[in-house]
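1. Provide a 3D model corresponding to the input given below.
(2 chains)
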Amino acid sequence: MSKIDLSVNIGSLKLKNPVLLASGTVGYGNEISQLTDISKLGGIVTKSLSLKPRKGNPPQRIVETPSGMLNAIGLANVGVEVFIKEKIPFLKELNTTLICNIAASSIEEYVECVKILTSEETIQAFEINVSCPNVREGGLIFGNDLSSVGRITEQVRAATNKPIIIKLSPNVPKIADFAEIVKKEGGDAVSAINTLVGASFDIYTRKPKIKNVTGGLSGPAIKPVAIAKVLEIKRNVDIPIIGLGGIMNWKDAAEFMIVGASAIQVGTANFINPNAGNEIVDGLEEFCSQQKIIKLSEMIGSYQI
Amino acid sequence: MLIEKSILEAKRQLGERIFQIKLFSPRIAKLAKPGQFCNIKVSESDFPLLRRPFSISNVEGDSIYFLFDIHGEGTKILSEKSLGDELDILGPLGNGFNYDGDYSTAIIVAGGLGSAPFPFLTSKLDKKKVVSFVGARNSSLVLTEDLLNVQAATDDGSLGFKGTVVELLTDYVEKNNLTSFRIFSCGPNPMLKALQQICIERNYDCQISIECAMACGFGICQGCPVETTNGEGYKLVCKDGPVFEAKEVKL
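-> Residues are numbered from 1 along each chain as shown, chains lettered A, B, ... in the order given. Below you'll find the model as predicted:
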């Protein structure tokens, strides 16, 4: 088993295995590290950071839906300054690749965050969230607009030498166009997909179940959509893809890799099984062993259509 | 906190839709404190997707007890479990009640299923005088097992005082000229709100355990905020609570 090479590359970013924990489902690592071995993972993506702290949306923020959940957290986070002072020291000790997710309300704020954080050695790459469905400014206003995504990529590129991953919205007619512009403006990779916009109402009170009315749908319910979006990008654009959306186990992870993901992120599953990422690493290794695959990266984009 | 596969050892139906379950869960039992909760996966499949949070009702040796009512699909599945079934439990979670201190009377104020955490708390209050005010809509919903010196209140008067537990409480404090006491409370939001208002007005020492929909139960999803009264934004019910000082949060 130990002979199998699980490592993958996302542009210049080398991961010991393709399993990452998704932003917003792992906090800043401290809580989940009590329930799983983070050092065994390919890496973690920290909760979206903005320049200043954000207190997030009022309750109710989440609701369970068939095979999924809606969330409208509203990017609650500690802000860049507290992150550096209070969270980085812990993250430094985790012995895994740290990708820092950034969310902002303006192009200037994205650039400012990246400029401040790029000197932190612990951070190995940035994931730029242009697709949060739950905040008024930024979020989908950027994520649904090709030229905004292009400009953000271009300007963040100018602010750091570290790999940049743009997290794309599925709430667009043609996601490959967005991946194309990210590539053109110097982005290293794309993450696909962020949550889908959804809503849920109580039939007795006739009120929305979450205060923000709409939220981001995640969980197994969105996996087929995510698989289609990853495949669409893979068939149209030559850029590394980090696949996510409803991954619950190693079979889901393998499916994403086969349609073109170079790495995958585990999100909602962490809420239910905080050890899911570790189990996926083991599962993929065993699958390779059964399938006589020596390098896991051979599986990337190996679909037969 | 940890995840423990726990065997269902006993199940009792306490009312039309109310159940008590006992699980063999030695590692969680050893760590648990009154007022903490566990997040239980009620099925092995992805339906329902999320765990369900329940107060730890009591601890007895290597076993823990939970009290719940059938509220939706998750609790329905839980009520249908058979002895010997294994459940995946994450816990103990959150901060429990702080019952240390030199007050002389511990007053429990519980509404409906809000009685759940108090058998465990009561078992730790052996050095205090304990009085319990337990209320519900009607007599079939009043849960008093393993509580001490119980006075009941029901909305319809079918058991005990016709009115609310908050009225029972204020009456008791006034009639007995109580000065050294601490209130521990859990129940539906309207009850907690009424209690909170009285406690703030009269400067009563009071801790409330609050409920909120949550996903993870340990602070990573940020799904269970409660607004603080000091203007500093939100705390998380799962990680910073579920027990708060009554004056600390806006309900």
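2. quickly find the element holding the residue in the stretch 151-300 of chain A that chain B sits nearest to.
-> The shortest separation between the stretch 151-300 of chain A and chain B is 4.0 Å, found at A:F271 (distances taken as CB to the nearest CB). (C-beta placed from N, C-alpha, C; glycine too.) A:F271 is part of helix A:269-272 when elements are defined by DSSP states H and E.
3. contacts for that helix next, please.
-> For helix A:269-272, contacts defined as CB atoms under 8 Å, 6 or more residues apart in numbering or on different chains pick out A:21-22, A:25-26, A:32, A:69, A:247-249, A:276-277, B:41, B:49-51, B:215-216, B:220-221.
4. give the rounded mean pLDDT of that helix.
-> Along helix A:269-272, the predicted confidence averages to a pLDDT of 97.
5. for the helix or strand just after that helix, give the mean pLDDT please.
-> Next helix or strand after helix A:269-272 toward the C-terminus (DSSP H and E): helix A:276-291. In this model, helix A:276-291 has a mean pLDDT of 97.
6. one more: stretch A:12-29?
-> Taken as a whole, stretch A:12-29 has a mean pLDDT of 96.
7. quick one: terminal-to-terminal distance for it?
-> 24 Å (CA to CA, to the nearest Å).
8. got the buried residues for that stretch?
-> Taking 16 or more other CB atoms under 10 Å in any protein chain shown as the basis for neighbour counts, the residues of stretch A:12-29 that come out buried are A:13, A:15-29.
9. what of stretch A:292-305?
-> Along stretch A:292-305, the positions that meet the burial threshold by neighbour count (16+ other CB under 10 Å) are A:293, A:296-297, A:299-301.
10. show me what the lengthiest helix in chain B is packed up against.
-> Once chain B is assigned using DSSP state H, the helix that runs over the most residues is helix B:189-202. Secondary structure elements in contact with helix B:189-202, counted by 3 or more CB pairs under 8 Å, 6 or more residues apart in numbering or on different chains; DSSP states H and E, are strand B:105-111, helix B:165-175, strand B:181-186, strand B:206-209.
11. change it to 10 Å
-> Helix B:189-202 is packed against strand B:105-111, helix B:165-175, strand B:181-186, strand B:206-209, strand B:243-245, with contacts defined by 3 or more CB pairs under 10 Å, 6 or more residues apart in numbering or on different chains; DSSP states H and E.
12. my read: A:N249 touches A:V281, true?
-> No. Contact between A:N249 and A:V281 fails when scored by CB atoms under 10 Å: they sit 11.5 Å apart.
13. more neighbours, the two?
-> Between A:N249 and A:V281, A:V281 has the larger neighbour count (other CB atoms under 10 Å in any protein chain shown), namely 21 against 16.
14. hmm, the more buried one is touching A:A263, no?
-> No. In this structure A:V281 lies outside contact range of A:A263 using CB under 10 Å: 11.8 Å.
15. shared neighbours, these two?
-> Common contacts of A:V281 and A:A263, defined by CB atoms under 10 Å, 6 or more residues apart in numbering or on different chains, comprise A:17-19, A:42, A:253.
16. which of the residues you listed fall within helices?
-> Residues from the shared contacts of A:V281 and A:A263 lying in helices, with DSSP H as the criterion: A:A253.
17. ok, so of the shared contacts of A:V281 and A:A263, who is nearest chain B?
-> Where these are concerned, and distances follow CB to the nearest CB, chain B has its nearest neighbour in A:A253, at 15.3 Å.
18. and the helices in the chain, which stretches?
-> You didn't pick a chain, so chain A it is. Assigned by DSSP H, chain A shows helices spanning A:79-82, A:88-92, A:107-117, A:140-143, A:146-159, A:175-184, A:223-236, A:250-258, A:269-272, A:276-291.
19. not quite, I wanted chain B
-> Assigned by DSSP H, the helices in chain B fall at B:26-31, B:73-79, B:118-123, B:165-175, B:189-202.
20. list the buried residues of the fourth one.
-> It refers to helix B:165-175. Buried residues in helix B:165-175, counted by 16+ other CB under 10 Å: B:165-170, B:172-173.
21. same check, this time on the longest one
-> Counting neighbours by 16+ other CB under 10 Å, one finds that the buried residues in helix B:189-202 are B:191-192, B:194-196, B:198-199.
22. pretty sure A:V45 contacts A:L20?
-> Yes. Taking CB under 10 Å as the definition, A:V45 is a contact partner of A:L20 at 5.8 Å.
23. overlap in contacts of the two?
-> Taking CB under 10 Å, 6+ apart as the contact definition, A:V45 and A:L20 share the neighbouring residues A:26, A:97, A:99, A:127, A:191, A:242, A:244, A:265, A:267.
24. what's the most distant pair in those residues?
-> Across the shared contacts of A:V45 and A:L20, the two members that end up farthest from each other (CB to CB) are A:T97 and A:G267, 17.0 Å apart.
25. show me which of these two is the more surrounded one.
-> When neighbours are counted by other CB under 10 Å, A:G267 comes out ahead of the other of A:T97 and A:G267, with 27 against 22.
26. ok, that one touching A:L244?
-> Yes. Taking CB under 10 Å as the contact criterion, A:G267 and A:L244 are neighbours in contact, 5.9 Å apart.
27. who touches both of the two?
-> Contact criterion CB under 10 Å, 6+ apart; residues shared by A:G267 and A:L244: A:20-23, A:25, A:45, A:194-195, A:218, A:222.
28. ok, A:G74 to B:G74 distance?
-> Spatial separation of A:G74 from B:G74 under the definition CB to CB, to the nearest Å is 26 Å.
29. what of B:C221?
-> Shown here: B:C221 relative to B:G74, a distance of 17 Å by CB to CB.
30. compare the two (neighbour count), which wins?
-> For B:C221 versus B:G74, neighbours defined as other CB under 10 Å are more numerous around B:C221 (27 against 21).
31. that one reaches A:I62, doesn't it?
-> Yes. Counting by CB under 10 Å, B:C221 sits close enough to A:I62 to count as a contact (6.8 Å).
32. now list whatever residues contact both of those two.
-> Common neighbours of B:C221 and A:I62, using CB under 10 Å, 6+ apart, are A:69, A:71, A:73, A:271, B:50, B:214-215.
33. of the residues you listed, which pair is most distant in space?
-> The distance between the two most remote of the shared contacts of B:C221 and A:I62 (CB to CB) is 15.2 Å, for A:I73 and B:L50.
34. pull up the residues of the stretch 101-250 of chain B that are close to chain A.
-> Proximity of the stretch 101-250 of chain B to chain A (CB under 10 Å from any CB of the partner chain) is limited to residues B:212-228, B:232-234, B:236-239.
35. can you name the residue of the stretch 51-200 of chain B nearest chain A?
-> When CB to the nearest CB is the measure, the stretch 51-200 of chain B has its nearest residue to chain A at B:R51, with 6.0 Å between them.
36. which residues touch that residue?
-> By CB under 10 Å, 6+ apart, the contact list for B:R51 reads A:271-273, B:38-42, B:74, B:88-91, B:214-217.
37. go again using 6 Å as the cut-off
-> Contact partners of B:R51, counting by CB atoms under 6 Å, 6 or more residues apart in numbering or on different chains, are A:272, B:39-41.
38. still on that earlier bit, of all the helices and strands packed on helix B:189-202, which lies closest to A:K115?
-> Taking CB to CB as the criterion, A:K115 comes closest to strand B:243-245 out of the helices and strands packed on helix B:189-202, the separation being 38.9 Å.
39. count of neighbours near B:N138?
-> Taking other CB under 10 Å as the criterion, the count of residues near B:N138 is 12.
40. ok, it to A:C132 distance?
-> Distance of B:N138 to A:C132, given as CB to CB: 46 Å.
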